[in-house]
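In: Below are the sequence and a predicted model for it; my questions follow.
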Amino acid sequence: MRYTALAEKVKELAEPVVDELGLELVDVVYATESGRRILRVIIDGPGGVTIDDCTMVSRELGTLLDVEDVVPESYSLEVSSPGLDRPLVREKDFRNAVGKKIRLRTKEPLDGRRNFRAVLVGVGDDSVTLEDSEGRLWKIELSNIDKARLEVVL
């Protein structure tokens, strides 16, 4: 099973667990870091998340993943908050970030460019609009976004 397919299967299982606890599933990432397999589940809540929230989700989801035997190899389950540089995954995440500076990488280049640090100025039907530091507007289809995160501004 490919990493992305496995992450999607985990999302399907995690969503009801997280919802039942009054929280929101932000993203699931399955990756190899320093030779270890990591299953990272990112959650959020109306007032943020606590260590207790992460612990509850970890216990509930860990048991479910063991029963369903979704991950075919040894892994570490990490449940965390999205942090200051939260990932922007769903259209809702982008809508909440309008007016903020973000970092975004596209799957396919636009005018030879894949990486953007810009202000998110709008979200339309299946696209986002960014304004870069030179005032140029970039309309990017959601389907062409590889990764996006809020930029931490100090």
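Out: Looks like it came in fine. Numbers count the residues shown, from 1 in each chain.
In: Can you give me the neighbour number for residue 44?
Out: Neighbours of residue 44 under the rule other CB atoms under 10 Å: 20. C-beta here means a position set from N, CA and C on the backbone, and glycine is covered the same way.
In: whoops, I mixed them up, residue 81
Out: Here the neighbour count serves as a burial measure; for residue 81 (other CB under 10 Å) it reads 18.
In: From residue 12, how far off is the most far-flung residue of the chain relative to its centre?
Out: Distance from the C-alpha centroid of the chain, by CA atoms, centre = their mean, peaks at residue 134 (27.8 Å). Relative to residue 12, residue 134 is positioned 42 Å away (CB to CB, to the nearest Å).
In: residue boundaries of the strands in the protein?
Out: 24-33, 36-44, 76-80, 101-110, 113-124, 127-131, 137-141, 145-150 (DSSP state E).
In: What strands line up against the first one, and which way round?
Out: Using DSSP bridges, strand 24-33 pairs in its sheet with strand 36-44 (antiparallel).
In: can you list contacts of the strand it pairs with?
Out: Outside strand 36-44, the residues that touch it by CB atoms under 8 Å, 6 or more residues apart in numbering are 10, 14, 18, 23-32, 49, 53-54, 57-58, 61, 65, 71, 73-82, 86-87.
In: domains for the protein, by residue range?
Out: When the chain is parsed into structural domains using automatic domain parsing, the resulting residue ranges are 3-80, 91-150.
In: As CSV, these with mean pLDDT would be great.
Out: Listed next are the domains of the chain as CSV, based on pLDDT from 0 to 100:
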stretch, mean pLDDT
domain 3-80, 93
domain 91-150, 95
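In: one step back: any idea how far the residue farthest from the centre of the chain is from residue 119?
Out: The value you get for residue 134 to residue 119, if CB to CB is used, is 12 Å.
In: check contacts around residue 93.
Out: The neighbours of residue 93, taking CB under 8 Å, 6+ apart as the test, are 26, 86-87.
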